[in-house]
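1. Pasted the sequence and its predicted model underneath.
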Amino acid sequence: MSSSELWPVEAVRRRFPALSRQVGDRPAVFLDGPAGSQVPQSVADAVCRYLLQTNANRGASFATSKESDAILNAAHRALADFLGTPDPDEVCFGANMTTLTFQLSRALSRQWTPGDQIVVCQADHDANYTPWVLAARDRGITVRSVPADPLDGTLDLDSLDKVLSEKTRLLAVGLAGNATGTIHPVGEICRRAHAVDALVYVDAVHFAPHRRIQVGQLACDFLVCSAYKFFGPHVGVLWGRRDLLEDIRPYRLRPAPDRLPGRWMTGTQCHEGIAGAAAAVDYIASLAAADSAEVIPHTRPEQLDRAFERIATWEQMLSKRLLEGLLSIPGLTLYGISDPDRIDQRVPTMSIRTETIRPQELAERLAADGIFVWAGNHYALPWTESAGLEPDGTLRLGALHYNTIEEIDRAVDSLRRLCG
Ligand SMILES: Cc1ncc(COP(=O)(O)O)c(C=O)c1O
């Protein structure tokens, strides 16, 4: 099967106006997805449609307010499908993952008492680390940390067993590392945390554009993601178990709703962004079939299952190509899983350092070549610090399903030339 039969990447790319950008006389190569994906036309249309036709606050009896209610209720359903829950009230929107995590950690930590402990993971983005560390400090409780491998970013599960105890109230863990691309065995981690009655808060921000999320299968207690990483606008999404979201007391204004999901959604939300987040879910669901001749699964959850299977297959090809290319460059160190036989344990996000050029300078030179990548700590500071990579951090290349093999080759060729 040819790669275009496997995945019609050119047709997919035509749906993203930004991808036709040129830098000088060459097409831009967007390998900056881990910091934010590009947006298909359908998502931008949904945002504009909301603003131009239905812009209103919620809960009034006039037409635009009623239409707003309908659009936002539909968005809760879309995101419930995306996260694998039948209950749309378990989905709460907010400004971004960081803000939602600060909010939930403040509220949850009111239940902690001296002697309690929480566990954080060194492989995580700082947004799933510092909010918990600060909440623990405010409550005077102990923070334990699970180390991550300095080269491939995998979590040390033996250490996890050592830090978990009947004192552990919460474990915060990420589904995939945003510097290394390493996927963590969160289902197994939840099982171990639940064995000591600890709650598990999962950061799915980096994982969400790459693989299907099923909160029921993970059996976690909370999960957060951000629509701007999965082809939507800048909106954060929090899922929580209904009993917990109902039980924990949020910081809330008196006239604001006390029912789910409103009790966790402070202030007036970014309605247009939420409409766009739902359109992003529909965009991903539309990738279930290669073309109109193929049978499309019936329900949106089934479409998402199929779409993510196809995305994962294409991304694994991109990962293998990128790995092969990077590992062939002399003097380059690759961070993240590098064994092609373990390609299913990573997403196509790779960090590198070279012996000759610092990450920031490399990123600037690649930008001049039209290749968009990030350098620094990527806010994955718990890992870059523990891996001894500060202050320069790494150069990060991150592919998404709209990237092509040719783009990967162009990035590798540029790197080879710059490092040579
Ligand atoms: C893995 C991961 N977690 C959390 C965040 C923070 O997300 P937000 O920008 O929505 O606050 C990011 C953002 O880059 C991320 O990559």
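-> Now that the structure is in, tell me what you want to look at. Note that the coordinates shown come from a computational prediction; the quantities given were computed from them, not determined experimentally.

2. if you skip the residues just before and after it, what's nearest to Ala18?
-> Spatial nearest neighbour of Ala18, excluding adjacent residues (CB to CB, 6 or more residues apart in numbering): Gln38 at 4.4 Å. Where you see a C-beta, it was placed from the backbone N, CA and C, and this is true even at glycine.

3. neighbours of that neighbour, just the number please.
-> 18 (other CB atoms under 10 Å).

4. any idea how far it lies from the ligand?
-> Separation of Gln38 from the ligand (CB to the nearest ligand atom, to the nearest Å) stands at 15 Å.

5. Please verify my assumption that that residue contacts Val12.
-> No: if you go by CB atoms under 8 Å, Gln38 and Val12 don't touch, sitting 11.0 Å apart.

6. give the contact list for the closest residue to the ligand within the stretch 301-420 of the chain.
-> Relative to the ligand, the nearest point of the stretch 301-420 of the chain is Tyr379 (5.7 Å; CB to the nearest ligand atom). Counting by CB atoms under 8 Å, 6 or more residues apart in numbering, Tyr379 touches His125, Asp126, Ala127, Asn178.

7. Helix or strand for Thr98, just tell me which one.
-> Thr98 is part of helix 97-109 when elements are defined by DSSP states H and E.

8. do Gln316 as well
-> Taking DSSP H and E as the criterion, the element that holds Gln316 is helix 300-327.

9. ok and the helix or strand encompassing Leu223 relative to helix 97-109, angle-wise?
-> Applying DSSP H and E as the criterion places Leu223 in strand 222-226. For strand 222-226 against helix 97-109, the angle by axes from the mean of the first three to the mean of the last three CA atoms, to 10 degrees is 160 degrees.

10. so what does strand 222-226 touch, helix or strand wise?
-> The helices and strands touching strand 222-226, judged by 3 or more CB pairs under 8 Å, 6 or more residues apart in numbering; DSSP states H and E, are helix 97-109, strand 199-203, strand 236-240.

11. The second one vs strand 236-240, what angle?
-> Following the same axes, to 10 degrees, one obtains 160 degrees for the angle between strand 199-203 and strand 236-240.

12. Tell me if strand 199-203 is near the ligand.
-> Yes: using CB under 6 Å from any ligand atom, strand 199-203 comes into contact with the ligand via Asp203.

13. what does the stretch 151-300 of the chain put close to the ligand?
-> Contacts of the stretch 151-300 of the chain with the ligand, taken as CB under 6 Å from any ligand atom, map to Gly174, Asn178, Asp203, Val205, His206, Ser226, Gly236.

14. thinking again about what came up before, starting at the chain centroid, how far to the helix holding Gln316?
-> Here helix 300-327 is found 15 Å from its chain centre; the criterion is CA atoms, centre = their mean, to the nearest Å.

15. ok, then the element right after that helix?
-> Using DSSP H and E, the helix or strand that follows helix 300-327 towards the C-terminus is strand 332-335.

16. and the residue lying closest to Pro250 once chain neighbours are set aside, what does it touch?
-> Leaving aside its chain neighbours, Pro250 sits nearest to Ala107 (4.9 Å; criterion: CB to CB, 6+ apart). Counting by CB under 8 Å, 6+ apart, Ala107 touches Ile248, Arg249, Pro250, Tyr251.

17. Could you report the separation of Ala107 from Phe62?
-> Distance, Ala107 to Phe62, using CB to CB, to the nearest Å: 34 Å.

18. The stretch 51-200 of the chain: strands as residue ranges?
-> Taking DSSP state E, counting those that start in this stretch, the strands of the stretch 51-200 of the chain run over residues 91-94, 117-121, 142-146, 168-174, 199-203.

19. can you put the ones you listed in a markdown table and add mean pLDDT and mean neighbour count?
-> Formatted as a markdown table, the strands of the stretch 51-200 of the chain follow (pLDDT from 0 to 100; neighbours: other CB atoms under 10 Å):
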| stretch | mean pLDDT | mean neighbour count |
| --- | --- | --- |
| strand 91-94 | 98 | 25 |
| strand 117-121 | 98 | 25 |
| strand 142-146 | 98 | 18 |
| strand 168-174 | 98 | 25 |
| strand 199-203 | 98 | 25 |
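
20. In a markdown table: those, plus distance to Leu400.
-> Shown next, in a markdown table, are the strands of the stretch 51-200 of the chain (distance: least, CB to CB, whole Å):
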| stretch | distance to Leu400 |
| --- | --- |
| strand 91-94 | 23 |
| strand 117-121 | 24 |
| strand 142-146 | 28 |
| strand 168-174 | 18 |
| strand 199-203 | 18 |
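
21. Of those strands, give the one that comes closest to Gly187.
-> With CB to CB, the closest approach to Gly187 among these belongs to strand 199-203: 10.2 Å.

22. Just want the angle from the closest one to strand 117-121.
-> Orientation check (the same axes, to 10 degrees): strand 199-203 against strand 117-121 gives 30 degrees.
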